[in-house]
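>>> please work out how this folds:
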Amino acid sequence: HRHYWALAETAGLAIGARQLLVEWQEAGLTQSLCSLAPHEYLIPLVRTHGIERHFIRVDGRVGQSNTGKAEQMMRHIAALEGVPPQRMVVIGDAVDDAVA
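Model (predicted):
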């Protein structure tokens with residue numbers, strides 16, 4: 001985390017990412033963000049990149065992360081009222097995302 005957060009604010013979005021988020025939203029599709037990044041760091045980072053409005057919900061980790069992501073993912077999905085889990089696709093960058 002020390003190295004990640006030292007560079008996170010100065011890192012940019014991938015080329016085309018902002019446009020993809022816009023197009024996804026214009027097509028009537030939704031997206032949410034569930035991360036093990038601490039919530040108090042995640043929200044400002046998403047805002048810094050100007051992409052917060054493209055997500056219907058953004059949840060970062062609150063408390064310890066030693067239990068993995070499954071519990072947090074269940075809370076996140078439950079909070080997405082009106083979105084049935086069978087209509088969701090999870091995209092992750094770690095094994096913990098697949099397990100969750």
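>>> which one's the longest strand in the protein?
Looking across the chain with DSSP state E, the single longest strand is strand 32-38.
>>> and it, which residues are buried?
Of all the residues in strand 32-38, those buried under the rule 16 or more other C-beta atoms under 10 Å are 32-37. The C-beta positions use only the backbone N, C-alpha and C, and glycine is treated the same way.
>>> how about stretch 4-18?
residue 8.
>>> follow-up on the earlier one: wait, which of the buried residues of strand 32-38 is closest to residue 86?
Set against residue 86, the nearest of the buried residues of strand 32-38 by C-beta to C-beta is residue 32 (15.5 Å).
>>> now do the helix or strand of the chain with the lowest mean pLDDT: which elements does it pack against?
Least confident helix or strand of the chain, by mean pLDDT, DSSP states H and E, is helix 2-8 with a mean of 83. Helix 2-8 is packed against helix 39-48, with contacts defined by 3 or more C-beta pairs under 8 Å, 6 or more residues apart in numbering; DSSP states H and E.
>>> re the thing from before, got the contact list for the longest strand of the chain?
For strand 32-38, contacts defined as C-beta atoms under 8 Å, 6 or more residues apart in numbering pick out 1, 42, 45-46, 55-62, 65, 69, 72-73, 76, 80, 96.
>>> what is the orientation angle of it with helix 39-48?
Inter-element angle recorded for strand 32-38 and helix 39-48: 130 degrees (by axes from the mean of the first three to the mean of the last three C-alpha atoms, to 10 degrees).
>>> mind listing what strand 32-38 pairs with, with the direction of each?
strand 57-61 (parallel) (DSSP bridges).
>>> against residue 37, how distant is the nearest residue to residue 41 once chain neighbours are set aside?
Nearest non-adjacent residue to residue 41, counting by C-beta to C-beta, 6 or more residues apart in numbering: residue 5, 6.3 Å away. Using C-beta to C-beta, to the nearest Å, residue 5 is found at 8 Å from residue 37.
>>> over to residue 95?
Taking C-beta to C-beta, one finds residue 95 at 17 Å from residue 37.
>>> now swap in residue 71 and tell me
For residue 71, the distance to residue 37 - C-beta to C-beta - is 16 Å.
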